[in-house]
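Generate a structure from the sequence data that follows.
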Amino acid sequence: MTSCKPPPTCIDASPTPDANDSRMSAIPYEANLTPVGPPPLCAKIAAALREAVCAAQRTAATPPREGADPAPRWTLKRLALFVRERFGRRCCRETIRAALHRRTLSWKKAKKLLGRADPERRQAFVEQLQDVLAGAQRDRHLVVYVDEAHIHQDADLGYGWAKRGERFWVASSSPGLSARVSFYGLYLYNEGQVRLWPFPRANGEHTIAVLQRLRAAFPDEALIVLWDGAPYHRAKAVREAATTLNITLMPLPGYSPDLMPVEALWHWLREDVTYHHCHASAEDLARRVGDFEARLNQDPLAIADRLWVKDCLDPEEEKLRFSI
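Okay, here's the model as predicted:
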């Protein structure tokens, strides 16, 4: 059994520069470093690693079946064990990592694919949306995306810089799950502005209040509101209120949060407001969210970039969906 060879090293393969040779000064030092030695794993083992990872990726993207076991979640530790059991080679994790990088693989966070979304309805919606956005760009109407989120007073935990060797503690008063504020988030597409309106909860009554407040802010504009299929959005009283206020409602297709740009606003809010900070009261949380809104609205270009509106679909991604 052969032992695992160390990763290739780099040596300076360039000739000794002459002080009078101006050509050498124009060549970056990094360009003179030449990899020496074979890859740490042979082509057969590297190919097997790539196939194992790609097979697991394909399996993860297929519809779930009763009784079917999922593919392994390949970590460096598990892949090292895979190489040991199949090929009798002992390899460190860095050797596995180098082999995966050579085979154009990378470590990334998975993204959930909502297979129950209907590709045909999504395509029909996107085609309609393209016309709506074109009209908004010609100031024929105002396009407003509306979504809701429950923001808790307790701290959200995320990554941050801290002293090496010390745990990164975040103080919490352990507020209960009911210690939260429901926010209606509005993205004013034409204006490149956002609104974050707090309410005790999201329901039909408060949704009507949001529509009334929106109409009061734009009394003479044609308004098109896009939102998801939440039960209170589909309530008869809400639809009648929208008709009375002369607001056109355009519901998103089911299981399609990727078509709602306000989802990115919630992630942005948590990063800036609730990460690593527990709020003492609902009023304090609402105050900081208001400051966050005011700060964002000073830079419409940043809002438009972060809250990118998806107006086309990836055919390869849509093939993976299974509407039932």
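
Tell me where the stretch 201-324 of the chain is predicted with low confidence.
323-324 (pLDDT under 70).

And the helices in it?
Using DSSP state H, counting those that start in this stretch, the helices found in the stretch 201-324 of the chain span residues 204-217, 236-244, 262-269, 282-296, 300-306, 315-319.

Mind putting those into JSON lines with mean neighbour count and distance to Arg180?
All C-beta atoms are positioned from the backbone trio N, CA, C, and that covers glycine. Shown next, in JSON lines, are the helices of the stretch 201-324 of the chain (neighbours: other CB atoms under 10 Å; distance: least, CB to CB, whole Å):
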{"stretch": "helix 204-217", "mean neighbour count": "17", "distance to Arg180": "14"}
{"stretch": "helix 236-244", "mean neighbour count": "14", "distance to Arg180": "22"}
{"stretch": "helix 262-269", "mean neighbour count": "19", "distance to Arg180": "13"}
{"stretch": "helix 282-296", "mean neighbour count": "16", "distance to Arg180": "8"}
{"stretch": "helix 300-306", "mean neighbour count": "14", "distance to Arg180": "24"}
{"stretch": "helix 315-319", "mean neighbour count": "10", "distance to Arg180": "33"}
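
Just put these in CSV and tack on distance to His276.
As requested, the helices of the stretch 201-324 of the chain are exported to CSV (distance: least, CB to CB, whole Å):
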stretch, distance to His276
helix 204-217, 30
helix 236-244, 37
helix 262-269, 14
helix 282-296, 13
helix 300-306, 20
helix 315-319, 34
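
For Asp118, find the nearest of the ones you listed.
Closest to Asp118 of the helices of the stretch 201-324 of the chain is helix 315-319 (CB to CB; 9.9 Å).

still on that earlier bit, Tyr184: which of the helices of the stretch 201-324 of the chain is closest?
Taking the helices of the stretch 201-324 of the chain one by one with CB to CB, helix 204-217 is closest: 4.9 Å.

wait, is Glu148 part of a helix?
No. Judged by DSSP: H, G, I helix; E, B strand; the rest coil, Glu148 forms no part of a helix; its state is strand.

Contacts for stretch 239-255 next, please.
The contact list for stretch 239-255, computed with CB atoms under 8 Å, 6 or more residues apart in numbering, reads 114, 116-118, 121-122, 124-125, 128-129, 132, 141, 208, 211-212, 214-215, 222-229, 233-234, 259-260.

circling back to that earlier point, out of the helices of the stretch 201-324 of the chain, the one nearest Ala171 is which?
Ala171 lies closest, by CB to CB, to one member of those: helix 282-296, at 14.3 Å.

Okay, angle between that closest one and helix 262-269 too, please.
With axes from the mean of the first three to the mean of the last three CA atoms, to 10 degrees applied, the angle from helix 282-296 to helix 262-269 works out at 110 degrees.
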